[in-house]
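A.B. asks: predicted model and sequence follow; I will ask about them next.
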Amino acid sequence: MHLTHRMDIAPPDTAWLDAEGRRLLDFGRHVGHPLGGAAWLDDEGRPDLSRPVHTWITSRTVHVFGLGALLDVDGCTDIAAAALDGLRTTLRDAQHGGWFTAVDATGTPVGTSKSCYDHAFVVLAGSTAVVAGLPGADDLLAEALDVLEQHFWDESTGLVIDEWDRAWTTPAPYRGLNAAMHSVEAMLAAGDATGDPRWHERVGRVAAYVVGLAAAHDARLPEHFDPDWTPDLGLNRDRPDDPFKPYGATIGHGLEWSRLLLHVEASLGDRAPAGLLATSRRLFDRAVGDGWDVDGARGFVYTTDWDGTPVVRQRMHWVAAEGIAAAAALHRRTGEERYARLYAAWWRYVVEHVRDTDRGSWHHELDPSNRPQASVWAGKPDLYHAVQATLLPRLPLAPGLARAVALSAPGQAPA
């Protein structure tokens, strides 16, 4: 299948997925920032130097270009290594430890908090970099895991603390499922990279909590919590399209958790908590029922109220990417044809509406009529979800992406 052809029935084959992944990586080749780390990219793939250098973008750049290095894509090793160096220097807090959320054009930290979300991505970056053999990766991963252990992992709850002040003196009262989700991803990768079983065991504890949470809330996962993990279902009702803490149930996170629970099950085997597959199915079905093709146009809405009514109807590229990955994971786990049909339909949607064949990458946001807009996300700063959507369908559920790519060439996507 050629990249310019419309996919009317069949899903993309392995050659198409490989070519799309390489096209995405090519878009990001100029991601390096003069200060170190990775820049926010505009719609053309040019660094937007008016924006800060973000830890989450830099970490994701290490991860995706580290995967590119493992796939022997020309130039990816140097890009990943340069971004990794930004984590070791520009974005690292040499005084108090850990990583700043971002630094501005003068190298001054933006904000005073230390977030679990950012640090989870540093762990993911370090894990991928270790598998890819990047210089300095072992030391960075060891430091990132120490910070995660000392400050963010909460042994009493089996979950994570969301945020601290810069000097690690006071945790914020907010708890968030988004940070827990990316901590699961990071700890799975760290367990694969280091062989330390603690990280996979902790992932099992978080996954067990999500199983119970899904059961208690009809598979519409609360995102925001008080310090004792009591859900705050009304948070940000007045600004529902917040890019990191939106109000209501987030369709893409339901899909992402659906996939992650299957990775946890595959990674832990007999030690996995009960109910992972059943919960994965429920989360998937709820997200699809509430979010896909529900408001008169193709695509996933971004968020819904607690009764499933759409709230933010923009179409985010990452939600489609996570739908593709979740459908592929459930098809691999169950062999059921309905997941393969949705997988094909969602790739068709991405090809018809989300892929930007003129300027590269994927449109990060579409309006409810599937026209490009930028009310929540400006530019194209993030290759992470899209690149993973080209890889996850071709790999086993365990080990994680970096280790699986290192062990063998990615195989066949769902037929």
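C.D. replies: Here it is on my side, so go on.
A.B. asks: from now on I want contacts and neighbour counts done on CA atoms only, so please keep to that.
C.D. replies: Fine.
A.B. asks: mind listing what the closest residue in space to residue 42 that isn't next to it in sequence touches?
C.D. replies: With sequence-adjacent residues excluded and distances taken as CA to CA, 6 or more residues apart in numbering, residue 42 is closest to residue 379, at 4.0 Å. Taking CA atoms under 8 Å, 6 or more residues apart in numbering, we find residue 379 in contact with 40-43, 364.
A.B. asks: kindly report the same for residue 267.
C.D. replies: 188, 200, 397-399.
A.B. asks: can you say which of the residues you listed are buried?
C.D. replies: 188, 200, 397-399 (16 or more other CA atoms under 10 Å).
A.B. asks: so which of the residues you listed sit within helices?
C.D. replies: In helices, judged by DSSP state H, the following of those are found: 188, 200.
A.B. asks: which stretches in this protein count as strands?
C.D. replies: Counting by DSSP state E, the chain has strands at residues 53-54, 102-103, 113-115, 153-154, 159-160, 163-165, 175-176, 224-225, 249-250, 303-304, 315-316, 365-366.
A.B. asks: surely residue 83 touches residue 56?
C.D. replies: No: with contact defined as CA atoms under 8 Å, residue 83 does not count as touching residue 56 (11.1 Å).
A.B. asks: between the two, who's got more neighbours?
C.D. replies: More neighbours surround residue 83 than the other of residue 83 and residue 56, with 29 against 21 (other CA atoms under 10 Å).
A.B. asks: next, work out how far apart that one and residue 144 are.
C.D. replies: According to CA to CA, to the nearest Å, residue 83 stands 15 Å off from residue 144.
A.B. asks: cool, and residue 116?
C.D. replies: Residue 116 is 11 Å from residue 144, where distance means CA to CA.
A.B. asks: ditto for residue 372
C.D. replies: With CA to CA as the criterion, residue 372 and residue 144 are 37 Å apart.
A.B. asks: same deal with residue 376?
C.D. replies: From residue 376 across to residue 144, the span is 30 Å (CA to CA).
A.B. asks: go ahead and confirm residue 126 touches residue 135.
C.D. replies: No: Residue 126 is beyond contact range of residue 135, at 10.7 Å (criterion: CA under 8 Å).
A.B. asks: higher neighbour count, the two?
C.D. replies: residue 126 (33 against 13).
A.B. asks: in space, what's closest to that one - neighbours in sequence excluded?
C.D. replies: Using CA to CA, 6+ apart, the closest residue to residue 126 is residue 141 (4.5 Å).
A.B. asks: just checking, that neighbour touches residue 131?
C.D. replies: No: Residue 141 lies out of contact with residue 131 (CA under 8 Å); the separation is 10.9 Å.
A.B. asks: now residue 224: how far from residue 249?
C.D. replies: In this view, residue 224 and residue 249 are 10 Å apart by CA to CA.
A.B. asks: same thing with residue 391?
C.D. replies: 27 Å.
A.B. asks: who has more neighbours, the two?
C.D. replies: Using other CA under 10 Å as the criterion, residue 391 and residue 249 rank with residue 249 on top: 27 against 21.
A.B. asks: report how many residues lie close to residue 309.
C.D. replies: Residue 309: 16 neighbours (other CA under 10 Å).
A.B. asks: contacts only, for the closest residue to it other than its chain neighbours.
C.D. replies: Spatial nearest neighbour of residue 309, excluding adjacent residues (CA to CA, 6+ apart): residue 290 at 7.3 Å. Contacts for residue 290 (CA under 8 Å, 6+ apart) come out as 251, 304, 308-310.
A.B. asks: any chance of those residues in JSON lines with pLDDT as columns?
C.D. replies: Listed next are the contacts of residue 290 as JSON lines, based on pLDDT from 0 to 100:
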{"residue": "251", "pLDDT": "98"}
{"residue": "304", "pLDDT": "98"}
{"residue": "308", "pLDDT": "98"}
{"residue": "309", "pLDDT": "98"}
{"residue": "310", "pLDDT": "98"}
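A.B. asks: ok, and the most crowded of the residues you listed?
C.D. replies: Top of these by neighbour count (other CA under 10 Å): residue 251, with 30 neighbours.
A.B. asks: pretty sure residue 159 is touching residue 205, no?
C.D. replies: Yes: if you go by CA under 8 Å, residue 159 and residue 205 touch, sitting 7.5 Å apart.
A.B. asks: the helices in the stretch 1-150 of the chain, which residues?
C.D. replies: Remark: helices of the stretch 1-150 of the chain, listed N- to C-terminal, are 14-27, 55-70, 76-88, 116-132, 137-147; assignment by DSSP state H, counting those that start in this stretch.
A.B. asks: appreciated, that's everything.
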